[in-house]
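Undergrad: no sequence for this one, just the structure:
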Ligand code: TYD
């Protein structure tokens, strides 16, 4: 990690990605961009482990509620009917719980990805949270079509295949939550000499 722009980020193939046989495809899309896997494992996480992975602060939970509300508002769907509440904190708490339920139904593949602007690059490759809004060419845009208008109404999490850290702080916290220092490996990709 000698270049200043080189970062590490945490990425996870969620249960739907594992169940659909997309582990290889998801990793391929990051490797082909020059990013490199420096830690990798399959885990069947406990409810407690997943719960501690996701933030617990009201700001994050309200934002989760709002993301779904925006879709309902765009579609003219009654918030109270769809979510049972018009309060973004209450809605966010429900979504957070559905998310934890979903993340523990099958194994996940956790990894640390390293590379130039890795956090932003991975988020671009993955695409935005809501598959119905994700552009074609992103992982979520190419392989999923779920929406709050389907998922939240069915009282389940959106199936969007991948998790990727958003901020530097989130990446540091998540890497430490899923991996010990010994599980992360420093190694060089010889093809980087031709790429940079
Ligand atoms: P978030 O952190 O906003 O997205 P991202 O995964 O892109 O960082 O949301 C966390 C997860 O919550 C998201 O990946 C899927 C799930 N979720 C729902 O199940 N329903 C919803 O309405 C929203 C907004 C998210």
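TA: Nice, thanks for sending it over. The structure displayed is predicted, hence computed values, not measured ones.

Undergrad: Please determine how far the spatially most central residue of the chain is located from the ligand.
TA: Closest residue to the average C-alpha location of the chain: residue 163 at 1.4 Å, with C-alpha atoms, centre = their mean. Separation of residue 163 from the ligand (C-beta to the nearest ligand atom, to the nearest Å) stands at 5 Å. No exception for glycine: its C-beta is placed from N, CA and C like everyone else's.

Undergrad: cool, and residue 13?
TA: Distance from residue 13 to the ligand, by C-beta to the nearest ligand atom: 12 Å.

Undergrad: Identify the bridge partners of that residue.
TA: residue 109, residue 162 (DSSP bridges).

Undergrad: what's the residue nearest to the centre of the chain in contact with, if anything?
TA: Contacts of residue 163 were listed using C-beta atoms under 8 Å, 6 or more residues apart in numbering, and they are 10, 11, 12, 14.

Undergrad: list the helices and strands the helix or strand hosting the first one packs on?
TA: Following DSSP states H and E, the helix or strand that holds residue 10 is strand 6-13. Packing partners of strand 6-13 (3 or more C-beta pairs under 8 Å, 6 or more residues apart in numbering; DSSP states H and E): helix 23-31, strand 108-116, helix 118-126, strand 162-164, helix 168-178.

Undergrad: between the longest helix seen in the chain and helix 168-178, how many degrees?
TA: Identified as the longest helix of the chain according to DSSP state H is helix 58-75. On the basis of axes from the mean of the first three to the mean of the last three C-alpha atoms, to 10 degrees, helix 58-75 is oriented at 110 degrees to helix 168-178.

Undergrad: List the buried residues in helix 58-75.
TA: 61, 62, 64, 65, 67, 68, 69, 71, 72 (16 or more other C-beta atoms under 10 Å).

Undergrad: just checking, the fifth one touches residue 133?
TA: This points to residue 67. No - using C-beta atoms under 8 Å, residue 67 is not in contact with residue 133; the gap is 9.7 Å.

Undergrad: quick one: low-confidence parts of the protein?
TA: Residue ranges of the chain with pLDDT under 70: 1-2.

Undergrad: Perfect, I'm done here.
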